[in-house]
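Colleague: predicted model and sequence follow; I will ask about them next.
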Amino acid sequence: MILALYEKTAHELQELLHNKEVKAVEIFDSIIERIGQVEPKVHSYITLAEEQARAAAQKVDDKLAKGEKLPPLAGIPVAIKDNISTGGIRTTCASKILENYIPPYDAAVIEQFKANQLIIIGKTNLDEFAMGSSTENSGLFITRNPWDLEAVPGGSSGGSAAAVRADETILAVGSDTGGSIRQPASYCGIVGLKPTYGRVSRYGLVAFASSLDQIGPLTKDVTDCALFLQAIAKYDPRDSTSVDFPVPDYLQEMKKGVKGLKIGLAQEYLGEGISEPVKKVIFEAAKVFQSLGAEVVDVSLPYTEYALSTYYIIAPAEASSNLARYDGVRYGYRTGERVPDSVALFMKTRKEGFGPEVKRRIMVGTYALSSGYYDAYYLKAQKVRTLIREDFNKAFQSCDLILTPTAPSPAFKIGSKTKDPLEMYQEDICTLACNMAGIPGISIPGGFAQGMPVGIQLLGPAFKEETLLRAAYGFEQATEFHKERPTAVNS
Ligand code: GLN
């Protein structure tokens with residue numbers, strides 16, 4: 001079967017570009033044509049940056065024609081989650097409050113994309129300010145799952161994940177505060193990596209919960225994920241949480257094989273709340289790892305059960321503080337009504353500009369931080385967070401990685417969980433602890449249930465992304481799940 005350019009991976013296209021068998025502008029044209037065909041069904045993009053992208057692709061071609069040696073991802077299209085600042089390109093966070101906001105500067109990862117000459121195709125949909133698990137909280141429109149147009153793509157990086165799986169881009173970047181890269185990757189059948197806290201600069205990422213937020217790749221396969229991480233893992237003094245830690249050669253490390261790795265299975269991730277087909281996928285995956293020479297061992301993470309309640313104190317508390325800046329004065333939306341004073345201006349603007357989930361988080365967070373309640377909620381949550389981190393430290397004394405589900409079930413139907421916020425929050429039970437501990441996590445295609453993709457998650461010690469990639473690549477080589485194509489979007 002001959003694949004169209006838009007169906008290929010970054011590393012396949014890279015070779016074609018290098019051998020002068022294809023031009024960057026041809027890749028770009030192929031993606032734009034594909035967007036024209038499927039975007040009316042999927043709705044991944046909030047903004048397209050067609051003109052700038054074409055000019056950037058032409059520049060790559062000009063350089064290649066002159067025989068210049070270019071970085072590995074030069075000429076490869078990338079889609080950007082719309083909470084990452086792009087100078088001169090609208091950045092909405094899928095919120096009415098920023099609907100017309102054009103940032104004056106580029107985020108650090110955007111600078112990296114430009115330095116590596118990637119082609120920025122456009123900005124993708126998300127849950128408003130990245131708060132959600134289905135992209136249904138977008139203040140603009142909903143995105144659909146390429147495998148089932150009546151199902152959600154996951155969230156909050158739902159637009160990025162759907163765009164990759166629907167072949168509307170080759171690579172996409174997302175942010176992950178409690179699972180927002182890995183869970184949509186699982187629902188859409190692609191690879192998603194949340195790097196260690198401090199590995200990738202968040203300079204220019206619109207802050208949600210600053211002690212948890214990380215930026216990371218969404219890709220079609222593990223090789224692309226390694227290439228992509230290589231391009232964005234970089235120390236940046238402008239992000240005070242960025243860590244100056246050596247960046248290994250991920251592509252080389254990835255190929256070291258699974259043999260000899262110790263992979264932990266934790267009962268806490270395989271009990272109540274996890275659907276049977278998902279459990280089955282995990283046990284099958286464990287067998288694959290064993291057949292590749294890994295040893296599977298039991299580990300225990302007893303504080304996992306508190307991850308959800310702890311996260312929903314810490315994340316809203318930090319969000320309530322971060323979102324105080326949207327006041328209708330400095331930038332963004334301002335109420336059109338005449339108001340008597342500045343307090344009325346703030347109140348009206350925020351009432352009209354924020355959606356219901358964002359308001360809920362601001363209220364919960366403000367309450368948790370208020371005097372008299374701070375010790376009982378925020379401080380207590382921080383203590384439990386330390387216990388969760390220690391759980392992982394202990395577990396990693398007896399294994400290299402931990403294998404868990406990414407999400408408790410495959411993608412659910414649009415509208416089926418919007419009435420009860422708690423039900424929606426349950427979608428994150430497998431991904432939250434990783435952010436709380438600051439460790440890296442990857443989701444890769446691990447199987448199917450009722451025709452929908454199911455991801456498996458690998459968690460590793462801080463700054464051991466290379467071990468995650470190594471196990472993920474070994475698994476991918478031994479399985480075919482990542483090659484499956486969604487029919488819904490193509491019919
Ligand atoms: N779904 C989680 C939340 O709603 C995580 C979101 C994220 O990782 N940005 O907060």
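Modeller: Sure thing, it's come through. Numbering: from 1, shown residues only.

Colleague: if I pick the closest residue to the ligand within the stretch 351-491 of the chain, what's in contact with it?
Modeller: At 4.7 Å from the ligand, residue 428 is the closest residue in the stretch 351-491 of the chain, using Cβ to the nearest ligand atom. C-betas here are computed from N, CA, C, even on glycine. With contacts defined as Cβ atoms under 8 Å, 6 or more residues apart in numbering, residue 428 is in contact with 133, 178-179, 183, 308, 311.

Colleague: same check, this time on residue 151
Modeller: The contact partners of residue 151, by Cβ under 8 Å, 6+ apart, come to 144-145, 187, 411-414, 452.

Colleague: now, of these, which are buried?
Modeller: Under a neighbour-count criterion of 16 or more other Cβ atoms under 10 Å, the subset of the contacts of residue 151 counted as buried comprises 144-145, 187, 411-412, 414, 452.

Colleague: pLDDT at the residue lying closest to residue 435 once chain neighbours are set aside, what is it?
Modeller: Nearest-residue entry for residue 435: residue 212, 4.3 Å, with adjacent residues in sequence omitted and distances by Cβ to Cβ, 6 or more residues apart in numbering. Here, the pLDDT recorded for residue 212 equals 98.

Colleague: what's the neighbour count on residue 212?
Modeller: 22 (other Cβ atoms under 10 Å).

Colleague: ok, now residue 70?
Modeller: Using other Cβ under 10 Å as the criterion, the residues surrounding residue 70 number 16.

Colleague: so it: helix, strand or coil?
Modeller: In three-state terms, and counting by DSSP: H, G, I helix; E, B strand; the rest coil, residue 70 is coil.

Colleague: do residue 238 as well
Modeller: Assigned by three-state DSSP, the conformation of residue 238 is coil.

Colleague: the nearest residue to it once chain neighbours are set aside and residue 226, how far apart?
Modeller: Spatial nearest neighbour of residue 238, chain neighbours left out: residue 203 (4.3 Å); criterion: Cβ to Cβ, 6+ apart. Distance, residue 203 to residue 226, by Cβ to Cβ, to the nearest Å: 23 Å.

Colleague: those two: who's more crowded?
Modeller: Neighbours were tallied for residue 203 and for residue 226 using other Cβ under 10 Å; the higher tally belongs to residue 226 (28 against 20).

Colleague: can you pull the contacts of the more buried one?
Modeller: Residue 226 is in contact with 250-251, 254, 469, 473, counting by Cβ under 8 Å, 6+ apart.

Colleague: which one of those has the most neighbours?
Modeller: Looking at these with neighbours defined as other Cβ under 10 Å, the largest count falls to residue 469 at 30 neighbours.

Colleague: enumerate the residues of the chain near the ligand.
Modeller: Applying the criterion Cβ under 6 Å from any ligand atom, the portion of the chain that neighbours the ligand consists of 130-133, 156, 176-180, 208, 315, 428.

Colleague: JSON lines for the residues you listed, including pLDDT, distance to residue 237 and secondary structure?
Modeller: Listed next are these as JSON lines, based on pLDDT from 0 to 100; distance: Cβ to Cβ, whole Å; DSSP: H, G, I helix; E, B strand; the rest coil:
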{"residue": "130", "pLDDT": "98", "distance to residue 237": "25", "secondary structure": "helix"}
{"residue": "131", "pLDDT": "98", "distance to residue 237": "29", "secondary structure": "coil"}
{"residue": "132", "pLDDT": "98", "distance to residue 237": "32", "secondary structure": "coil"}
{"residue": "133", "pLDDT": "97", "distance to residue 237": "33", "secondary structure": "coil"}
{"residue": "156", "pLDDT": "98", "distance to residue 237": "28", "secondary structure": "coil"}
{"residue": "176", "pLDDT": "98", "distance to residue 237": "23", "secondary structure": "strand"}
{"residue": "177", "pLDDT": "98", "distance to residue 237": "23", "secondary structure": "coil"}
{"residue": "178", "pLDDT": "98", "distance to residue 237": "27", "secondary structure": "coil"}
{"residue": "179", "pLDDT": "98", "distance to residue 237": "29", "secondary structure": "coil"}
{"residue": "180", "pLDDT": "98", "distance to residue 237": "26", "secondary structure": "coil"}
{"residue": "208", "pLDDT": "98", "distance to residue 237": "22", "secondary structure": "coil"}
{"residue": "315", "pLDDT": "98", "distance to residue 237": "26", "secondary structure": "helix"}
{"residue": "428", "pLDDT": "93", "distance to residue 237": "32", "secondary structure": "helix"}
